[in-house]
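J.: here is the input, now give the coordinates:
(2 chains)
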2 protein chains.
Amino acid sequence: MNIPTLDDMLAAHERIKPHIHRTPVLTSRFLDGLTGARLFFKCENFQKAAAFKVRGASNAVFGLNDDEAKSGVATHSSGNHALSLSYAAGRRGIPCHVVMPRTAPQAKKDAVIGYGGRITECEPSTSSREAVFAEVQAQTGADFVHPYNDPRVIAGQGTCSRELLEQVDGLDAVIAPIGGGGMISGTCLTLSNLAPDVEVFAAEPEQADDAYRSFKAGHIIADDAPVTVADGLKVPLKDLTWHFVSNHVTDILTASEQEIIDAMRMIWARMKIVMEPSSAVPLATILKNRERFAGRRIGVIVTGGNVDLDKLPWMNG
Amino acid sequence: MNIPTLDDMLAAHERIKPHIHRTPVLTSRFLDGLTGARLFFKCENFQKAAAFKVRGASNAVFGLNDDEAKSGVATHSSGNHALSLSYAAGRRGIPCHVVMPRTAPQAKKDAVIGYGGRITECEPSTSSREAVFAEVQAQTGADFVHPYNDPRVIAGQGTCSRELLEQVDGLDAVIAPIGGGGMISGTCLTLSNLAPDVEVFAAEPEQADDAYRSFKAGHIIADDAPVTVADGLKVPLKDLTWHFVSNHVTDILTASEQEIIDAMRMIWARMKIVMEPSSAVPLATILKNRERFAGRRIGVIVTGGNVDLDKLPWMNG
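T.: Model prediction:
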């Protein structure tokens, strides 16, 4: 296991700065009043490709030497990592191969293609995905960039809380959603080194609470096909992210589907920003655990803004 | 006619600074590519009360002496001016009386009440509104703050482009939506004095094109009950705003309902900000008049963010 270090994160930041936005931090007097806390929203929905994942993806892509880079990069994802890796590869002018189930929504395929990614379709099963991905890799020699269980990716995600520390004084805690744990691991990497007194909370949908159950059990537990509106958060922890979660996270808090949807709508209505359901899970858990956050200065990572504007979750039923 | 001056605008800015946000300017490489221009979006959707109108309203409220202020302020509006005046009056701790048709949506009434406004209902006719408003004023002695045809309001709105000039170098033009003309008048006031080479464009729905027709005819023409998704832009010009429009505006451009809705959706999808239909009219007209804007640096006033999240216009039909 190749655990990324503070130096890896600092090197990542220098490497990716020309390719990412230093995203703004927004506040809301209304939400502060409601929670009793001072909330600082780090707006990665305004990031390139509208997702923090462009940090890790850019670090992987621009960290390749010229020889390695020639063959391009590859991943299997139908979400923000696929967009982000396509974006970063496009910036470097190298190919990005994305294996996606043929059943993935056309809008997601179009988005990957829009950022320059090359899609190879597989059947919607793990065995087909693995077989097709192995074939793509064998044919292209592309470098595999895992969506989160990759030290280059974790080091890249860690640059987000480094900026947050520069932008906001005196933080008491940072909270971010947890799926596979890439953002939380990067946050732990940065804060445990640069601001070890700042607590790290992870926020997770009740209906995809594998990280919560892993944290309580002391070992990785994977969900079996979880269903949640926060569709970026369905994937399980892996060894690298478990290392950071088990060593540095203060607690994992969960919220119901309705609580997530209510929090998302509240942020849209009050802060006038478009963000995806996964990004609303932290506020949902803060509202639910008022006593743990009231009176404190809390960084909240708004992880992304890729949402289907035709199907907003509060409009179901 | 009491025409506001540069000094009035500068005094307004000092007066209202503690009560408003200096809103950020956002850019979008995607929209720059699409239009061929460099667009600088001045985000008044992030303003207090989510509307630029808080600038003019705050200037009126905080410009009253203590004696005048005791009786509060009053207006008739069911839109952003009512919210903004309620907000400003609340900051000063004085009453704000708002006359609204009893048929106005409950959500709008709730929003005014949420900002501390006191609603008096009238029938949905001009005669009833005027009669009820006269009664409220007689009973309370409140100071009438017109939504746009008031020099204090125009001077306040002018602070927006003063900030924009400080935030962006080398602007060639500024474009803003036009309804009654308050924002456009403030923009003309500021730019004609501080940056007279910067052109001012007004953007208007085709279906509520009274300002366009007035501009071409050389005198004020009012629409008869216009219907447009850009519901903040239905009101006619008045003498003060006509003064600025007729003397300082370079041109008025119009866009169809579908063009406005498409531009609104594009801004939400690409810039990840929530803004109201009126605020999309400038981009709609820029896309339609590419040759007038390509290669130039254009300030675009995003006027507000108050929109019904349950009824987004691209979801009709």
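J.: and A:Ile252, that's in a strand?
T.: Yes. Membership of A:Ile252 in a strand is supported by DSSP: H, G, I helix; E, B strand; the rest coil.
J.: ok now do it, which residues does it touch?
T.: A:178, A:201-204, A:211-212, A:215, A:245 (CB atoms under 8 Å, 6 or more residues apart in numbering or on different chains). Yep, even glycine has a C-beta here, placed from its N, CA and C like the rest.
J.: A:Glu257 now?
T.: Residues in contact with A:Glu257 (CB under 8 Å, 6+ apart) are A:205-207, A:228-229.
J.: follow-up on the earlier one: between the contacts of A:Ile252, which has the most around it?
T.: Ranked by neighbour count (other CB atoms under 10 Å in any protein chain shown), those have A:Ile178 at the top, with 35 neighbours.
J.: so it touches A:Glu204, yeah?
T.: Yes. Counting by CB atoms under 8 Å, A:Ile178 touches A:Glu204, with 5.1 Å between them.
J.: what helix or strand is the residue nearest the centre of chain A located in?
T.: Most central in chain A under CA atoms, centre = their mean is A:Met183, positioned 4.9 Å from the mean C-alpha point. Using DSSP states H and E, A:Met183 sits in helix A:182-194.
J.: buried residues, that helix. List them.
T.: Buried positions in helix A:182-194, judged by neighbour count with 16 or more other CB atoms under 10 Å in any protein chain shown: A:182-191, A:194.
J.: same question, stretch A:146-156
T.: For stretch A:146-156, the neighbour count (16+ other CB under 10 Å) marks A:146-156 as buried.
J.: and if you look at stretch A:227-245?
T.: The neighbour-count check on stretch A:227-245 (16+ other CB under 10 Å) flags A:228-238, A:240-245 as buried.
J.: next one: stretch A:114-129
T.: Here stretch A:114-129 shows A:115-120, A:122, A:129 as buried, counting by 16+ other CB under 10 Å.
J.: of those, which belong to helices?
T.: Mapping those onto helices (DSSP state H) picks out A:Arg129.
J.: quickly check the buried residues of stretch A:114-129 for the two that are furthest apart.
T.: Greatest spatial distance among these (CB to CB): A:Gly116 and A:Arg129, at 21.6 Å.
J.: start to end distance for stretch A:97-111?
T.: 14 Å (CA to CA, to the nearest Å).
J.: so A:Ala111 touches A:Val307, yeah?
T.: No. Look at A:Ala111 against A:Val307 with CB under 8 Å: they stay out of range, at 11.6 Å.
J.: which one's more surrounded, those two?
T.: A:Val307 (23 against 20).
J.: so the more buried one: helix, strand or coil?
T.: A:Val307 ends up coil, using three-state DSSP.
J.: one step back: helices - which of the contacts of A:Ile252 land there?
T.: Counting by DSSP H, the members of the contacts of A:Ile252 that fall within helices are A:211-212, A:215, A:245.
J.: farthest pair in those residues?
T.: A:Tyr212 and A:Val245 (10.3 Å).
J.: interface residues of chain A facing chain B?
T.: Contact residues of chain A with respect to chain B, defined by CB under 8 Å from any CB of the partner chain, are listed as A:24, A:26, A:45-46, A:50, A:265, A:268-269, A:271-275, A:305, A:309-310, A:312, A:314-315.
J.: could I get the buried residues of stretch A:146-156 as TSV with pLDDT?
T.: What follows is these, written out as TSV (pLDDT from 0 to 100):
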residue	pLDDT
A:His146	96
A:Pro147	96
A:Tyr148	97
A:Asn149	97
A:Asp150	98
A:Pro151	98
A:Arg152	98
A:Val153	98
A:Ile154	98
A:Ala155	98
A:Gly156	98
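J.: using JSON lines, please lay out these together with secondary structure.
T.: Output for the buried residues of stretch A:146-156, formatted as JSON lines (three-state DSSP):
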{"residue": "A:His146", "secondary structure": "coil"}
{"residue": "A:Pro147", "secondary structure": "coil"}
{"residue": "A:Tyr148", "secondary structure": "coil"}
{"residue": "A:Asn149", "secondary structure": "coil"}
{"residue": "A:Asp150", "secondary structure": "coil"}
{"residue": "A:Pro151", "secondary structure": "helix"}
{"residue": "A:Arg152", "secondary structure": "helix"}
{"residue": "A:Val153", "secondary structure": "helix"}
{"residue": "A:Ile154", "secondary structure": "helix"}
{"residue": "A:Ala155", "secondary structure": "helix"}
{"residue": "A:Gly156", "secondary structure": "helix"}
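J.: closest to A:Pro101 out of those residues?
T.: A:Pro147 (14.9 Å).
J.: sorry, back to before: hmm, which of the residues of chain A next to chain B are the buried ones?
T.: Counted by 16+ other CB under 10 Å, the residues of chain A next to chain B give A:26, A:45-46, A:50, A:265, A:268-269, A:271-275, A:305, A:312 as buried.
J.: please flag which of those sit within helices.
T.: Of those, the ones assigned to helices by DSSP H are A:265, A:268-269, A:271.
J.: and chain A, what are its domains?
T.: Under the assignment automatic domain parsing, the domains of chain A span A:6-51+A:150-315, A:54-144.
J.: what sits against the nearest residue to A:Ile154 once chain neighbours are set aside?
T.: Of all residues not flanking A:Ile154 in the chain, A:Ser185 sits nearest, at 4.6 Å (CB to CB, 6 or more residues apart in numbering or on different chains). Contacts here follow CB under 8 Å, 6+ apart; on that basis A:Ser185 touches A:148, A:154, A:157-158, A:240-241, A:243-245.
J.: any idea which element the nearest residue to A:Asp308 once chain neighbours are set aside lies in?
T.: Excluding its sequence neighbours, the residue lying closest to A:Asp308 (CB to CB, 6+ apart) is A:Ala107, at 6.6 Å. Following DSSP H and E, one finds A:Ala107 within helix A:106-114.
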